[in-house]
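Colleague: Quick one, structure for this:
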Amino acid sequence: MLLTAETLDLQEQLTNLSSFIGNTPLFPITRAFAKPGVKIYAKLEWQQLGGSVKARPAFRIIQDAVKSGRLQPGQSLLDASSGNTAIAYAAIGAAIQIPVTICLPENASDERKTLLKAFGANIVYTSRFGSTDEAQEIAKQLFSDYPDRYFYADQYGNQSNWQAHYHTTANEIFRQTKGEITHFVAGLGTTGTFTGTSRKLKELNPEIELISLQPDAAMHGLEGWKHLETARVPKIYDSTLANQNLAIDTYEAFDLIQKVAQTEGLLISPSAAANLAGAIKVAESIDEGVIVTVFPDNAEKYSEVLKSLF
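Modeller: Here you go, the predicted model:
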């Protein structure tokens, strides 16, 4: 493939941006939960460009699309998202001057809508009752109608999603725990974090236990999470990876937001609290081990939840 000067410039801009993606700190949880012989750590994923774990897959999806020529200068990135991936696309897009169009359920929080507008994204609102499943259908239709105008990123089916975590998150965790990790725990949304991180960790040490988390009901308050029995299962999901699947109650997670804020000094999001709830369930079931989970984002985009708790 013959690369144009504009494409080469995009690739150079992405290379310059890469140092601001990933390499997040691993935080020890010592007061919200403690048990002799068991340690819990959490990756603080909001400490990167775009403010959430979604910076990793968004960056990888854009980088791979530019390299392969599927995203050309002048085209707009198009995808469906409940918020964090959209914000990551928009932040990266602003940094390298790629237009971004997002199909977003209209019940997304006001903070997310404001951030998307601030980064200059074009928002196509979809029904609040259709979740991201309907938003995906709208995005596919837009791409079908205007294939030359858009690059359809398709985060739920794009292999670059899980590969981002395979090549970065897992290696960081293994290095930061000095190879002592015994359990990895993560919730399922696009499933990219769990799938990519788990695959690589299993290669590094086949003895590591992998625990996936889901909401305990179809109607829940964990934004971005999927109850796979009733939702559309992402194409990148690998059901053979998990050694164990646990259900998490929304209110159990909300209670942890308050506890973590007042004992650890971290104001975490509902999905981060749900991941910690899963890690604690695992910790309560073992006598010794090193458990690692991810805190996908902090609470700055969840003012309505915070007002209900404090």
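
Colleague: wait, doesn't G51 sit right on I87?
Modeller: Yes. Under the contact definition of C-beta atoms under 8 Å, G51 touches I87, with a separation of 6.5 Å. (Each C-beta comes from the backbone N, C-alpha and C, glycine too.)

Colleague: Spell out which residues are contacts of both of those two.
Modeller: Residues touching both G51 and I87 (C-beta atoms under 8 Å, 6 or more residues apart in numbering) are L115.

Colleague: Which one's more surrounded, these two?
Modeller: I87 (27 against 20; other C-beta atoms under 10 Å).

Colleague: burial of the nearest residue to I248 once chain neighbours are set aside, as a residue count?
Modeller: Among residues not flanking I248 along the chain, A274 sits closest, at 4.7 Å (C-beta to C-beta, 6 or more residues apart in numbering). A274 has 30 neighbours, counted by other C-beta under 10 Å.

Colleague: quick one, what contacts A274?
Modeller: Counting by C-beta under 8 Å, 6+ apart, A274 makes contact with 187, 213, 215, 222, 225, 248, 250, 252-253.

Colleague: Specify the local secondary structure of the nearest residue to Y166 once chain neighbours are set aside.
Modeller: Counting by C-beta to C-beta, 6+ apart, G196 is the residue found nearest to Y166 once chain neighbours are left out, at 4.0 Å. Classification of G196 by DSSP: H, G, I helix; E, B strand; the rest coil places it in helix.

Colleague: G196 contacts N171, doesn't it?
Modeller: No. Checked against C-beta under 8 Å, the pair G196 and N171 is beyond contact range at 10.8 Å.

Colleague: The two: who's more crowded?
Modeller: G196 (28 against 16).

Colleague: who touches that one in this structure?
Modeller: 161-167, 169-170.

Colleague: at 6 Å what do you get?
Modeller: 162, 165-166 (C-beta atoms under 6 Å, 6 or more residues apart in numbering).

Colleague: ok, it to G179 distance?
Modeller: 19 Å (C-beta to C-beta, to the nearest Å).

Colleague: Over to T230?
Modeller: Counting by C-beta to C-beta - T230 and G179 are separated by 38 Å.

Colleague: Helices along the stretch 201-310 of the chain, start to end?
Modeller: Shown for the stretch 201-310 of the chain, the helices assigned by DSSP state H, counting those that start in this stretch span residues 250-264, 270-284, 303-309.

Colleague: Who are the packing partners of the shortest one?
Modeller: Helices and strands touching helix 303-309, by 3 or more C-beta pairs under 6 Å, 6 or more residues apart in numbering; DSSP states H and E: there are none.
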